[in-house]
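A.B. asks: With the input below, show me the fold.
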Amino acid sequence: MPKLTIWALRLMGALMVTTVPTVIAPLFINWHDPMYDESSAYTINAIGILIWALFWAVSGVVSLIWVYRAAKNAHALQPGRMATTPAWAVGWFFIPFASLWKPYVTLKEIWIASRGPGGHSVPLINIWWATYLIGNLIGWFITRQTFSSDQAYIDMPFLVWAESVGNISSLVATFCFYQMVRRIYRFQLERDTAAVDVF
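C.D. replies: I've put the predicted structure just below:
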């Protein structure tokens, strides 16, 4: 398996492993403890979040490079089938509002073009996108609440549970994308062994 695909899968695997503690740890923390900020639990939790953030950032960059090359392969395999260019396959993730559906459309196009004649999307892509959106929307909500000026009205136990739900959703999304990378790579390689050079 080529280096780019291997690294994308390894980093996503590491991201999934580091996500598990972020799901479990907040549920065992006494957020009402006035000394929590000075406790070892706070330090451990903070380090865990930093490690997760590192893998999230690096995995995200490598995954986007992989999406670019997968889109490039899909264009070569089925000229005219892909409406999205390789550059926009990545760019849509960063465009406000359009990022709510365009990346989903793009990955479906890549899947169908890679699968070949009779190829169609599968529930895996739908589950990936639904859990990806849920995780991101919950993360956005928690960030807004955390930095709200009305700190006295923040329901911390609710935010802790919401964060865990968001992290679980993101974990499922990462697992689905992991499977999508493996399958799209296999589809493209089965149709054209030259794909290995692009990946």
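A.B. asks: for the chain, which spans come out with low pLDDT?
C.D. replies: The model of the chain has pLDDT under 70 over residues 1, 26-45, 117-121, 146-157, 193-199.
A.B. asks: give me that answer again for 80
C.D. replies: Along the chain, the model assigns pLDDT under 80 to residues 1-2, 22-49, 79-81, 116-122, 143-161, 191-199.
A.B. asks: top helix in it by residue count?
C.D. replies: For the chain, the helix with the greatest residue count under DSSP state H is helix 40-77.
A.B. asks: Tell me how far that helix lies from the chain's centre.
C.D. replies: 7 Å (C-alpha atoms, centre = their mean, to the nearest Å).
A.B. asks: Who are the packing partners of that helix?
C.D. replies: helix 3-24, helix 86-91, helix 102-115, helix 156-191, helix 195-198 (3 or more C-beta pairs under 8 Å, 6 or more residues apart in numbering; DSSP states H and E). C-beta coordinates here come from the backbone N, C-alpha and C atoms, glycine included.
A.B. asks: Mean neighbour count, those: which tops it?
C.D. replies: By mean neighbour count, with neighbours taken as mean count of other C-beta atoms under 10 Å, helix 102-115 ranks first of the helices and strands packed on helix 40-77 at a mean of 22.
A.B. asks: For I134, identify the helix or strand it belongs to.
C.D. replies: Taking DSSP states H and E as the definition, one finds I134 inside helix 123-146.
A.B. asks: quick one: contacts of that helix?
C.D. replies: Outside of helix 123-146, the residues within contact range by C-beta atoms under 8 Å, 6 or more residues apart in numbering are 100, 103-104, 107-108, 111, 154, 159, 162-163, 165-167, 169-170, 172-173, 176-177, 179-180, 183.
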